[in-house]
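Asker: Got a predicted model here, sequence first, then my questions.
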Amino acid sequence: MSYRDVASQQVLTWACVAIGARMPVAMAPLALVFLVRERPGGYSLGAALAAAYVIGEILGAPVLGMRLKPDRARPHLAAGLAAGAAGFAGLGLLPAAHPAILAAFAFLAGAGPSAAPGGLRTLLTSLVPGRAATQALSFESMLTFGVWALSPAAVTGLALGVAPWLPPLLEAALMASSVAGLWLLPAGWAADAREDEEGSSRLRVLTRAWPVYVTGAASLSLLALAELVLPALLEQRGIGVGWSGPLLTVMSVTSAVGAFLYGLRSWPGRLRTRSLVLMCGMSATLILLALIPAAPGVAAALAVAGLLQSGAMLTRNLSLREALPPGALAAGYSVMYAAVGAGYAATGSLAGALLDVVAPSTAILAGVALTLVLTAIGWWGERRAEARAGGSAGDADTAVTLGAAGAEGPPVRGGGDPERRL
């Protein structure tokens, strides 16, 4: 296992396209707040626009992701990214428009490109040998965390130093550049013909992977706690709120380091077991975050949380690869994108509501409890699905043995390929 299998001209081109598609997503929530903050009720309006953007992502990802055709993915991805660029351009060109119009642009900016993360991830793994899938996903995570580390500074500098309408226009330009870059990449990826042969619907195939989506939502729930409650927690500890940005940057950097380390070698244990261990470890660090009174301890807890978070997210993506046929992977990643967005929103809403009645440290502990419940449900679901799959495979092997031994009746057709029955 080596990162050398990932080092190629096509992967470099993919990285440029991915930055153009993902940096606008990372910039969007903060850019929307800065866009309208000087209007009456600006911060509330900014939060409402950010909510419209996230709702667009959550609703658009599964709907558009399920419509992706593996061999003709390029036009679908290009249309979605172009719609997102149009939404961002509308926000930047009409910053003084009626709030309803701005909300419509924000919704379009979120919904249009929502299938792109899943499609681009599937395209990346098709560009490398099968043995390098872990390294490819680790590289993608490093790129993503790097983008998220740089985006807040870029938005703040442009909005406060130049003009608040400039970040949305930059987002539009970046997303438009990713549309052009798609034509330098393959038009799609290989599909699994067995999916059509079996006659099973795409929805049924995707539903089978529900435990992975639940655990994926849990993994980003912890990130929501770290990001949204941190300013209030620092204020409770008597630490300057201005440290929130640097501390979250530390978390993003260690997440990138964790993704790199995960791809260096193969790790023992099943994917669901690794995921459980990493999620419990990250939960433990956030419990310490809620209890530690000093700034260095808070920084250390966030650094360890970031290190573990990237591994937890990678195990979820790898588990999805195991649970779904190749032709359904892009749609599965899109459903995962919606699930983690919903988990982020749900935990953030819970923490925000609790902050009105309890201390920030207590809100973090309540969020960790919710996350552990989701993690346990996901782990149980994966274990149950694995047991069922093992039973089906055993039945198929028994049928083959009986047929070979000359049992009465015609031989069993397809018994040697138990995967066709799952």
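Answerer: That came through fine.

Asker: G110: what's it in contact with?
Answerer: Taking C-beta atoms under 8 Å, 6 or more residues apart in numbering as the contact definition, G110 lies against A28, A52, Y53, V54, I55, G56, E57, G60, G84, G87. For glycine as for every other residue, the C-beta is placed from the backbone atoms N, C-alpha and C.

Asker: so is the last one in a helix, a strand, or just coil?
Answerer: Classification of G87 into helix, strand or coil gives helix, according to DSSP: H, G, I helix; E, B strand; the rest coil.

Asker: Now do the same contact list for it.
Answerer: G87 sits next to F105, A106, F107, L108, A109, G110, G112 when contact means C-beta under 8 Å, 6+ apart.

Asker: Run through the stretch 51-200 of the chain and note the low-pLDDT ranges.
Answerer: 191-200 (pLDDT under 70).

Asker: Helices of that one, start to end?
Answerer: Using DSSP state H, counting those that start in this stretch, the helices of the stretch 51-200 of the chain run over 73-93, 99-111, 116-126, 133-161, 166-181, 194-198.

Asker: Who's the closest spatial neighbour of the residue sitting nearest the centre point of the chain, skipping the chain neighbours?
Answerer: Nearest to the mean C-alpha position of the chain, by C-alpha atoms, centre = their mean, lies Y337 at 4.7 Å. Leaving aside its sequence neighbours, Y337 sits nearest to A61 (C-beta to C-beta, 6 or more residues apart in numbering; 4.5 Å).

Asker: burial count for the one you found?
Answerer: The number of residues packed near A61 is 29, by other C-beta atoms under 10 Å.

Asker: wouldn't it be in contact with G332 here?
Answerer: No - between A61 and G332 there is no contact under C-beta atoms under 8 Å: 10.8 Å.

Asker: Give me the common contacts of the two.
Answerer: With contacts taken as C-beta under 8 Å, 6+ apart, A61 and G332 have G118 as neighbours in common.

Asker: List of residues touching stretch 318-328?
Answerer: 70, 125, 133-134, 137, 189-195, 202, 205-206, 208-209, 212, 215, 271-272, 275, 329, 332-333, 336, 382, 385.

Asker: Equivalent analysis for stretch 349-364, please.
Answerer: 224-225, 228-229, 232-233, 235-236, 286-287, 289-291, 366-367, 370.

Asker: Among the residues you listed, which pair sits farthest apart?
Answerer: E235 and L370 (23.0 Å; C-beta to C-beta).

Asker: of the two, who's got more company?
Answerer: Neighbour count, other C-beta under 10 Å: between E235 and L370, L370 has more, with 18 against 13.

Asker: Relative to P211, how far out is the more buried one?
Answerer: As judged by C-beta to C-beta, to the nearest Å, L370 and P211 stand 17 Å apart.

Asker: for E57, same thing?
Answerer: To P211, E57 is 22 Å away according to C-beta to C-beta.

Asker: One more: L230?
Answerer: Taking C-beta to C-beta, one finds L230 at 29 Å from P211.

Asker: Also R202?
Answerer: Counting by C-beta to C-beta, the gap from R202 to P211 is 18 Å.

Asker: Counting neighbours, go ahead and name the busier of these two.
Answerer: A side-by-side neighbour count of R202 and P211, using other C-beta under 10 Å, places P211 first with 21 against 16.

Asker: OK, contacts around the more buried one?
Answerer: Taking C-beta under 8 Å, 6+ apart, we find P211 in contact with I377, G378, W379, W380, G381, E382, R384, A385.

Asker: again with A109
Answerer: P24, A28, Y53, G56, G84, G87, F88, L91, E171.

Asker: quick one: the fourth one and P113 touch, right?
Answerer: I take that to be G56. No - shown here, G56 and P113 do not form a contact pair, counting by C-beta under 8 Å, at 9.6 Å.

Asker: quick one, which of the two is more surrounded?
Answerer: Comparing G56 with P113 by neighbour count (other C-beta under 10 Å), the higher total belongs to P113, at 33 against 25.

Asker: Where does P296 sit, in terms of helix or strand?
Answerer: helix 295-323 (DSSP states H and E).

Asker: just D356 next, same as before
Answerer: Applying DSSP H and E, one finds D356 in no helix or strand.

Asker: ok, it to R37 distance?
Answerer: Counting by C-beta to C-beta, the gap from D356 to R37 is 22 Å.

Asker: which one of the two has more residues nearby?
Answerer: Using other C-beta under 10 Å as the criterion, D356 and R37 rank with R37 on top: 15 against 7.

Asker: I'd guessed the more buried one sits against P164; true?
Answerer: Yes - using C-beta under 8 Å, R37 is in contact with P164, at 7.3 Å.

Asker: need the contact list for the residue nearest to Y337.
Answerer: Contacts for A61 (C-beta under 8 Å, 6+ apart) come out as S114, A115, P117, G118, S334, V335, Y337, A338, G341.
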